[in-house]
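Novice: got a sequence here, can you model it:
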Amino acid sequence: MRPQRFFKASIIDELAHLMEKPHHTSLTQGWTFILEGEVDPGAIREALDGCITLYPKLKCTLTREYPSFKRAFRYCWAYRKDITGAQLFREIEDLHPGHAGRDILSRYTECHASHYIDITREHPIKALLFRRAKQSHLIFFVHHAAVDGIGFLIFLRSFIRLYEDIIGGRKNQSGGTPDFEGIAKPDMAFAWKHLLPRRIHLRSRYGVLKDTARVACRDDGNGEGPVQRLLAIARDLSPEQFAALRASAKTRQATINDCLLASMFQAVKKWNERHHQPPGRIYLDVPVNLRPPGDNTIGNIMGGFRLFLHPAEIAAGQETLRKVKEKRLFMMEHDIANITAEAAWALKPMPLCFKNLLYRRFSAIYCPTLTMSNIGICSPNPSHQDADGYQYLGAARITRICFIGYAAPWPQLIALTYNNRMTISLSVFRSRFSPEAAGEFLDGFIGEITRQA
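Specialist: Below is the predicted model:
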């Protein structure tokens with residue numbers, strides 16, 4: 001009999017999974033790494049094995065099949081002790097001469113259809129290595145219900161430490177205590193403060209969307225197959241462009257996030273005017289890390305808030321940046337990200353069949369115009385870097401890192417800065433955008449960024 005244990009699933013993890021069904025999607029996100037130099041597949045396999053032992057949520061699947069009457073009300077994480085890194089890793093030795101200059105993002109998109117994760121049957125992480133003599137591509141597929149963006153960076157630092165210990169013959173140097181407590185986080189328990197009139201008012205004002213503007217160039221229905229096909233593209237801001245953006249934000253006493261959000265409002269307004277989209281409020285979902293300082297839990301510990309402006313409020317010049325800054329400061333000062341996330345406790349006593357019905361009937365209510373996330377500085381191995389600022393995975397230099405969001409009916413943009421170069425990815429249903437239109441939209445956004453800078 002398979003060794004199996006059950007752990008309570010957070011209502012946040014549960015709702016993330018329930019969101020997949022009405023949209024015909026999988027919350028599978030991707031991390032891609034371009035590596036120059038020698039890569040050891042055996043060490044990757046061992047390091048992955050060590051990490052899934054250290055973070056046991058990566059050995060779990062989400063299930064309703066457990067011995068308790070509570071299965072009618074909530075999911076559990078089913079933990080399998082016998083899962084190994086070898087089962088989650090695949091190596092492809094790519095010797096085709098025509099693939100020397102192959103774009104890693106096209107590889108990821110191509111592989112997504114066969115590697116997206118069904119969290120009820122598969123474990124929440126997979127690794128794929130395309131190995132060549134001089135340059136390799138390492139891709140991680142990660143399910144958002146188990147690991148968010150910040151959580152993956154925590155995982156990545158442990159993975160690289162283990163990898164370098166293994167190739168250096170120090171196999172037991174980077175161990176730790178398995179984090180079984182982290183499987184059930186975040187625990188959204190009831191507290192009397194949730195019923196305070198002001199908190200209820202803030203949740204109703206900032207947690208419900210009204211007259212939402214959409215961004216698309218077409219709508220081809222549900223696409224093909226049980227899961228919508230992913231469209232993903234990415235662009236880079238050069239070190240010079242990123243330095244100009246940072247200097248502009250400092251001069252205007254704003255954050256880089258403020259500048260990105262103001263540029264996005266401008267880009268969406270111009271796009272919708274040019275493509276004759278129906279008018280409405282532009283809602284930007286802004287994810288927020290809810291971990292307290294020093295918390296290294298890898299789960300889905302994210303909240304967020306929604307900034308919204310009507311197109312008539314989006315003016316040229318610095319006025320939009322001023323409005324964004326004011327709204328963002330208000331959201332942070334009033335802890336809107338936590339207040340809206342904690343509302344999930346109200347759904348915990350509800351039977352799963354009713355939760356499913358709610359998501360199916362009212363799925364459009366929580367769809368924003370788009371999501372704009374800035375992961376910030378990605379520094380996976382600062383103790384091992386060269387004079388040019390590139391960090392290493394053992395003997396292989398990491399030349400580029402990209403984080404791709406899951407496929408959704410609304411565009412998801414994720415910015416990540418590595419070695420003073422900002423990479424911005426866009427992911428969306430292929431049924432909503434053509435590759436050419438997605439490139440045009442992302443180029444328009446970057447054009448707004450550079451004009452602000």
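
Novice: which parts of stretch 371-389 are buried?
Specialist: For stretch 371-389, a neighbour-count test (16 or more other CB atoms under 10 Å) marks 371, 372, 373, 374, 375, 378, 380, 381, 384, 385 as buried. Backbone N, C-alpha and C define where each C-beta goes, glycine included.

Novice: and it, end to end?
Specialist: 30 Å (CA to CA, to the nearest Å).

Novice: for residue 113, give me phi and psi.
Specialist: The phi/psi pair for residue 113 (degrees, to the nearest 10) reads phi -60, psi -30.

Novice: and it, how far is that from residue 418?
Specialist: 27 Å (CB to CB, to the nearest Å).

Novice: those two: which has the busier surroundings?
Specialist: residue 418 (23 against 12; other CB atoms under 10 Å).

Novice: pairing partners for the more buried one in the sheet, please.
Specialist: residue 421 (DSSP bridges).

Novice: that one against residue 381, yeah?
Specialist: No: the criterion here is CB atoms under 8 Å, and residue 418 misses it with residue 381 at 11.2 Å.

Novice: shared neighbours of these two, anything?
Specialist: Shared contacts of residue 418 and residue 381, defined by CB atoms under 8 Å, 6 or more residues apart in numbering, comprise residue 398.

Novice: quick one: the helices in the stretch 151-300 of the chain?
Specialist: 197-206, 239-251, 256-274 (DSSP state H, counting those that start in this stretch).

Novice: by mean pLDDT, flag the weakest helix or strand of this structure.
Specialist: Across the helices and strands of the chain, mean confidence by mean pLDDT, DSSP states H and E is lowest for helix 197-206: a mean of 72.

Novice: packing partners of that helix?
Specialist: Helix 197-206 sits against helix 336-342, with contacts defined as 3 or more CB pairs under 8 Å, 6 or more residues apart in numbering; DSSP states H and E.

Novice: for the helix or strand harbouring residue 441, which positions count as buried?
Specialist: Assigned by DSSP states H and E, residue 441 falls within helix 435-452. For helix 435-452, the neighbour count (16+ other CB under 10 Å) marks 437, 438, 440, 441, 442, 444, 445, 446, 448, 449, 452 as buried.

Novice: need the winner for burial among the helices of the stretch 151-300 of the chain.
Specialist: helix 256-274 (a mean of 21; mean count of other CB atoms under 10 Å).

Novice: avg pLDDT for that one?
Specialist: Mean pLDDT, computed over helix 256-274, is 94.

Novice: check stretch 370-377 too.
Specialist: 95.

Novice: test my guess that residue 367 contacts residue 212.
Specialist: Yes: proximity of residue 367 to residue 212 meets the contact threshold set by CB under 8 Å, at 6.9 Å.

Novice: identify the residues contacting stretch 234-249?
Specialist: 105, 255-256, 258-259, 402, 404, 417, 419-426, 442-443, 446, 449-450, 452-453.

Novice: correction: the previous question concerned stretch 323-341.
Specialist: 12, 186, 188, 199, 202-203, 206-207, 254-255, 257-258, 261-262, 265, 286, 288, 290, 303-305, 307, 309, 313.

Novice: starting at the chain centroid, how far to that stretch?
Specialist: 20 Å (CA atoms, centre = their mean, to the nearest Å).

Novice: extract the CA atoms of it and return them as PDB.
Specialist: C-alpha atoms of stretch 323-341 as PDB (Å, rounded to 0.1, in the frame of the first residue of the first chain):
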ATOM      1  CA  LYS A 323      -3.300  58.900  -8.800                       C
ATOM      2  CA  VAL A 324      -1.700  55.500  -8.900                       C
ATOM      3  CA  LYS A 325       0.700  56.500  -6.100                       C
ATOM      4  CA  GLU A 326      -2.200  57.800  -3.900                       C
ATOM      5  CA  LYS A 327      -4.300  54.700  -4.400                       C
ATOM      6  CA  ARG A 328      -1.400  52.300  -3.800                       C
ATOM      7  CA  LEU A 329      -0.500  54.100  -0.600                       C
ATOM      8  CA  PHE A 330      -4.100  54.000   0.600                       C
ATOM      9  CA  MET A 331      -4.200  50.300  -0.100                       C
ATOM     10  CA  MET A 332      -1.000  49.600   1.800                       C
ATOM     11  CA  GLU A 333      -1.900  51.800   4.700                       C
ATOM     12  CA  HIS A 334      -5.300  50.200   5.200                       C
ATOM     13  CA  ASP A 335      -3.900  46.600   4.600                       C
ATOM     14  CA  ILE A 336      -6.400  45.900   1.800                       C
ATOM     15  CA  ALA A 337      -4.400  42.900   0.600                       C
ATOM     16  CA  ASN A 338      -4.900  41.100   4.000                       C
ATOM     17  CA  ILE A 339      -8.500  42.300   4.400                       C
ATOM     18  CA  THR A 340      -9.600  41.000   1.100                       C
ATOM     19  CA  ALA A 341      -7.700  37.700   1.500                       C
END
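
Novice: alright, that wraps it up for me.
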